[in-house]
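> Build me a model from this:
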Amino acid sequence: MIIVDLPDETATVALARRISRLAQRGDIIALKGDLGSGKTAFARAFIRARGDRNEEVPSPTFTLVQIYEFPPAAIWHFDLYRLRSCEEAWELGIEEAFYEGISLIEWPERLGPFLPERRLEINLSFGALSDARQAMLDPGGGWRARLAAITADA
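Numbering: from 1, shown residues only. Next comes the predicted model:
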């Protein structure tokens, strides 16, 4: 487990940008945390870092998934909060995302047993100050070596 203190949203954006530079086709990034903990802010910063910094990145709360076609791999941004069952994720094309794209998944626990173990799990929690957060990174699927470079800077 790697813990990164994020004193403000700027620090969350910086972490997302660093991780976005390391992401590869087939990567799954599971974003966990309470409502308002920064999952969507992280996802927006990640997506903008891979594409256009001015890219409109709406929350997929109602559409459940937004796809961003950036080379070399599309980014699939899932918000699974509204799933009624984990089986509904297949209708969203999540299997294709797992193999062909980079998957950012808010509320990954809604996938239950379908959430692959080969993932980077980022649990965002509230810090002591109003804008502060803490990120607990649980690297799987080859992420430990990739994260060594960015956590040295944190």
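> For stretch 34-45, buried residues please.
In terms of neighbour count (16 or more other C-beta atoms under 10 Å), stretch 34-45 has its buried residues at 37-45. C-beta: built from backbone N, CA, C; applies to glycine.
> Show me how far it is from its chain's centre.
Distance, stretch centre to chain centre, for stretch 34-45: 9 Å (C-alpha atoms, centre = their mean, to the nearest Å).
> what is the mean pLDDT for it?
Computed over stretch 34-45, the mean pLDDT rounds to 87.
> related to what we said a few turns ago, could you redo the buried residues of stretch 34-45 as TSV and give each row secondary structure?
Below are the buried residues of stretch 34-45 laid out as TSV (DSSP: H, G, I helix; E, B strand; the rest coil):
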residue	secondary structure
S37	coil
G38	coil
K39	helix
T40	helix
A41	helix
F42	helix
A43	helix
R44	helix
A45	helix
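> For the residue with the shortest distance to the centre of the chain, which residues count as its bridge partners?
Geometric centre of the chain, nearest residue: L104, 3.9 Å, by C-alpha atoms, centre = their mean. Taking DSSP bridges as the rule, L104 bridges to I29, H77.
> That one and W76, how far apart?
Using C-beta to C-beta, to the nearest Å, L104 is found at 7 Å from W76.
> check contacts around A43.
By C-beta atoms under 8 Å, 6 or more residues apart in numbering, the residues touching A43 are 16, 31, 57, 77, 104, 106.
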